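Colleague: sharing a model that was predicted from the sequence below.
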Amino acid sequence: MKKALEILCICCLFAASAPIPAAAAAGGGWYRVTDDGVGFYSQPSDASDALFTLEKTYYIYASAETGGYLEVSLFDNTGGFARISGYVKAADVEESLTPAEPVYPTETLTVTAGTVLKSGADPSSADIAAVVSGRTAYYYGEAPSGGWYYVRYDNAFGYISAGCVSAPDIAPHPTPIGPEPEPEPPADDDQQTAAPADTSTGEIILIVLICVPAVVIVLLLFMPQKNGGKKPRPPRPKYMSDNDTFDDLDLL
């Protein structure tokens with residue numbers, strides 16, 4: 001019996017320590033650019049310079065936050081706009097609900113004069129590729145210093161002088177900047193408090209499903225074997241012959 005109790009305790013401890021599936025971690029979220037000069041960075045560091053400034057009134061999607069910087073991305077590889085990932089200072093943008101389209105402007109620029117795609121917003125920076133007049137460059141944003149645009153041209157990213165391309169014509173996002181509407185409250189308070197109860201109930205059910213079979217197995221293993229419902233016969237005394245029965249013994 002002692003051994004049975006030990007096994008039962010081990011089973012209960014195992015059930016209590018069994019991991020309960022946790023709710024999925026919250027995913028990323030939308031943020032809105034509500035000020036001018038919000039930079040898009042290649043690294044989450046104050047030591048790095050912004051590649052370009054984001055368009056005011058538009059939106060970005062952040063997947064994570066690192067040291068005060070949001071890890072964000074622009075575009076989804078459609079319409080000639082290749083996806084680009086980078087970082088934005090969390091303090092420079094505001095959390096937002098899911099935005100209406102367009103999330104971010106898709107503006108193309110026409111090259112008006114042959115020039116060179118540069119690695120930086122500076123004439124002395126390294127050349128990347130020759131830019132041919134009449135071709136199309138895909139606009140991502142203006143350099144923080146002004147006078148240059150960060151673009152994608154012939155599958156390469158770089159800076160092009162603003163004087164050699166058509167100017168971007170970007171209208172504000174159709175959703176006015178202002179307080180976001182409050183999310184709708186739940187139907188009633190009972191629904192709001194039901195979630196924790198469901199979680200506790202799930203944990204209890206899981207523990208019971210583990211403990212009950214363990215108890216049944218232990219009882220089956222250590223329960224005394226029955227002898228078909230018959231009482232055990234006493235040992236035959238030495239003075240009884242093989243032909244005598246216990247009934248005859250009572251008559252002696």
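Modeller: In hand now; what should we look at? Residues are numbered from 1 along each chain as shown.

Colleague: ranges for the strands of the chain?
Modeller: All strands of the chain, identified by DSSP state E, fall at 29-32, 39-41, 50-53, 59-66, 69-74, 84-89, 94-96, 108-110, 115-118, 127-131, 136-142, 148-153, 156-161.

Colleague: which one of those strands is the most hemmed in?
Modeller: A comparison of the strands of the chain by mean neighbour count, using mean count of other C-beta atoms under 10 Å, puts strand 148-153 on top with a mean of 23. In short, each C-beta sits where N, CA and C put it, glycine included.

Colleague: quick one: low-confidence ranges for the stretch 151-252 of the chain?
Modeller: 179-202, 215-216, 218-252 (pLDDT under 70).

Colleague: so where's the stretch 1-150 of the chain shaky on pLDDT?
Modeller: Scanning the stretch 1-150 of the chain for pLDDT under 70 picks out 1-27.

Colleague: in JSON lines: the strands of the chain, plus distance to residue 217.
Modeller: Shown next, in JSON lines, are these (distance: least, C-beta to C-beta, whole Å):
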{"stretch": "strand 29-32", "distance to residue 217": "49"}
{"stretch": "strand 39-41", "distance to residue 217": "61"}
{"stretch": "strand 50-53", "distance to residue 217": "65"}
{"stretch": "strand 59-66", "distance to residue 217": "46"}
{"stretch": "strand 69-74", "distance to residue 217": "51"}
{"stretch": "strand 84-89", "distance to residue 217": "54"}
{"stretch": "strand 94-96", "distance to residue 217": "53"}
{"stretch": "strand 108-110", "distance to residue 217": "71"}
{"stretch": "strand 115-118", "distance to residue 217": "73"}
{"stretch": "strand 127-131", "distance to residue 217": "72"}
{"stretch": "strand 136-142", "distance to residue 217": "65"}
{"stretch": "strand 148-153", "distance to residue 217": "66"}
{"stretch": "strand 156-161", "distance to residue 217": "65"}
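
Colleague: tell me which of those sits nearest to residue 213.
Modeller: Comparing the strands of the chain by their distance to residue 213 (C-beta to C-beta), the top pick is strand 59-66, with 42.2 Å.

Colleague: now for the closest one, which elements pack on it?
Modeller: strand 29-32, strand 69-74, strand 84-89 (3 or more C-beta pairs under 8 Å, 6 or more residues apart in numbering; DSSP states H and E).

Colleague: closest one to residue 111 among those?
Modeller: strand 84-89 (20.4 Å).

Colleague: and the closest residue to residue 151 other than its chain neighbours, how far from residue 121?
Modeller: Distances taken as C-beta to C-beta, 6 or more residues apart in numbering put residue 137 closest to residue 151, at 4.1 Å, once the chain neighbours are dropped. Distance, residue 137 to residue 121, using C-beta to C-beta, to the nearest Å: 14 Å.

Colleague: same check on residue 208?
Modeller: The spacing between residue 208 and residue 121, counted by C-beta to C-beta, is 66 Å.

Colleague: my guess is residue 82 contacts residue 154. True?
Modeller: No: if you go by C-beta atoms under 8 Å, residue 82 and residue 154 don't touch, sitting 11.5 Å apart.

Colleague: what residues are up against the spatially closest residue to residue 105 that is not a sequence neighbour?
Modeller: Leaving aside its chain neighbours, residue 105 sits nearest to residue 170 (4.7 Å; criterion: C-beta to C-beta, 6+ apart). Contacts for residue 170 (C-beta atoms under 8 Å, 6 or more residues apart in numbering) come out as 55, 105, 107.

Colleague: still on that earlier bit, can you redo the helices and strands packed on strand 59-66 as TSV with distance to residue 203?
Modeller: Shown next, in TSV, are the helices and strands packed on strand 59-66 (distance: least, C-beta to C-beta, whole Å):
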stretch	distance to residue 203
strand 29-32	29
strand 69-74	34
strand 84-89	39
